[in-house]
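>>> Here's my sequence, what's the structure:
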Amino acid sequence: MLILGIESSCDETAVAISKDGTQILSSVVSTQIEEHKQYGGVVPEIASRRHCENILGVTEKALTDANLTLNDIDGIAVTYAPGLIGALLVGVSFAKGLSMVTNKPLIPVHHIAGHIATNYITTPELKPPYLCIVVSGGHSHIVEVLSYTQFRVVGRTKDDAVGECFDKCARAMGFCYPGGVQVDRASKLGNPKAYVLPKPKVAGSIYDFSFSGLKTAVINLIHNSQQKGITVDYNDLSASLQETISEIVTEKTMLACKNLGYSKVAVAGGVSANSGVREHLKNACKEHGYEFYMPDLKWCGDNGAMIACQGYFNYLEGIVADETLNGIATLSLEDLKY
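Numbering: from 1, shown residues only. From the prediction side, this is the model:
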């Protein structure tokens, strides 16, 4: 079965084609990083306009790279939630048009479910149930993956997402956007024990996160040091920040595994590309005797392959939509609406 997947929830216009879910025949991503870099982050209006300009060409290239035509495709999958509403609407509208013109099924995909599915692309033998920690610029979730299409969120951030924490701390240190990559690179030159940073706790689930206090602590450290004429070693601060975040994510994930009885752990999302997060989770799973899965680096960021893969599993479960499908800016993985 051939599924064409469309992703436009933020600043990447991405289209890919999967065969039977996990075999990726083509994957094309048009990124806007250089354009948004001058603003220090994604400008929603610009992102939407670029999606409009790029989506047709990206789709044509994905088909060409796979040596296929639209007639060969069995279904059109698209990210419909969550994300920047203007950006989502470009992908959803385009997918609906393709579906109507070709009479192919329209398959709605939740963005976070797509990220989780990248593990099936990298390791097809992985099968639910298992626990997945999803960490990105907009999300920080601990998810029980009950089946390929059913999820239960047991922990989530109460404020900032982990990727947002990385990016805002990086900006305070003078690194360019996207900051998470710069922090990871600088951390390799620093001492992770140089600065003692807080691990905020919040009321609610014992698996919930809070990163706003950590972000504030880093920004205050920088500003207070500047006012006192004290030099801050940004390599050391980057290493300390990455170490603290990696410890927080790993500790919560291991606690959830222990309490909920899981022996298989996966990581997904843009921040799953962070070397510290990957290493801490890998070592902790080895120590506890858990199986650990992580996507190849090329699948960590937003891409069409993850939507094509999850779209395949959705289609097998009869999850399809009609022309009334709309983009939804905010939607929990547990409250799927099609």
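
>>> What's the local residue count around Ser275?
14 (other C-beta atoms under 10 Å). Bear in mind the C-beta positions are built from the backbone N, C-alpha and C, glycine included.

>>> which of the residues in stretch 318-338 are buried?
Using 16 or more other C-beta atoms under 10 Å as the test for burial, stretch 318-338 gives 319-321, 325, 327-328, 331, 333, 336, 338.

>>> what about the helices in this structure?
Along the chain, counting by DSSP state H, helices occupy 33-37, 44-65, 85-102, 111-122, 162-172, 179-187, 212-227, 234-260, 275-288, 304-316.

>>> Which positions within the third one qualify as buried?
By neighbour count, with 16+ other C-beta under 10 Å as the criterion, the buried positions of helix 85-102 are 85-96, 98-99.

>>> how far is that helix from where the chain is centred?
21 Å (C-alpha atoms, centre = their mean, to the nearest Å).

>>> repeat for the fifth one
What separates the centre of helix 162-172 from the centre of its chain is 15 Å, taken as C-alpha atoms, centre = their mean.

>>> How about stretch 166-174?
Worked out by C-alpha atoms, centre = their mean, stretch 166-174 lies 19 Å from the chain centre.

>>> May I ask which helix or strand of the protein has the lowest mean pLDDT?
Counting by mean pLDDT, DSSP states H and E, the chain has its least confident helix or strand at helix 33-37, which shows a mean of 83.

>>> same for it, what does it pack against?
Contacts defined by 3 or more C-beta pairs under 8 Å, 6 or more residues apart in numbering; DSSP states H and E place helix 33-37 against helix 44-65.

>>> how about the helix it packs on as CSV, C-alpha atoms only?
Extracted in CSV, the C-alpha atoms of helix 44-65 (Å, rounded to 0.1, in the frame of the first residue of the first chain):
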residue,chain,number,x,y,z
PRO,A,44,3.4,32.1,11.6
GLU,A,45,2.3,34.3,8.7
ILE,A,46,5.5,33.9,6.8
ALA,A,47,5.4,30.1,7.4
SER,A,48,1.9,29.9,6.0
ARG,A,49,2.8,31.9,2.9
ARG,A,50,5.9,29.7,2.2
HIS,A,51,3.8,26.6,2.5
CYS,A,52,1.5,27.9,-0.2
GLU,A,53,4.4,28.6,-2.5
ASN,A,54,6.2,25.3,-1.9
ILE,A,55,3.7,22.6,-1.4
LEU,A,56,3.0,21.8,-5.0
GLY,A,57,6.7,21.6,-6.0
VAL,A,58,7.6,19.5,-2.9
THR,A,59,4.7,17.0,-3.8
GLU,A,60,5.8,16.8,-7.4
LYS,A,61,9.4,16.1,-6.3
ALA,A,62,8.3,13.4,-3.9
LEU,A,63,6.4,11.6,-6.6
THR,A,64,9.3,12.0,-9.1
ASP,A,65,11.8,10.7,-6.6
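
>>> Now do it: distance to the chain's middle.
On C-alpha atoms, centre = their mean, the centre of helix 44-65 falls 20 Å from the chain's centre.

>>> Give me the contacts around that helix.
With contacts defined as C-beta atoms under 8 Å, 6 or more residues apart in numbering, helix 44-65 is touched by 4, 6, 8, 10-11, 13-17, 25-30, 32, 35-36, 69-70, 84, 86-87, 89-91, 94, 98, 304.

>>> Show the buried residues in those residues.
4, 6, 8, 10-11, 13-17, 25-30, 32, 36, 84, 86-87, 89-91, 94, 98, 304.

>>> thought Leu146 was touching Pro129?
Yes: in this structure, Leu146 is within contact of Pro129 by C-beta atoms under 8 Å, at 5.5 Å.

>>> ok, the buried residues of stretch 318-338 vs Glu247, which is closest?
If you rank these by distance to Glu247 using C-beta to C-beta, Leu333 comes first, at 24.9 Å.

>>> mind listing what the closest one touches?
So Leu333 contacts 110, 112-113, 141, 143, 151, 153 (C-beta under 8 Å, 6+ apart).
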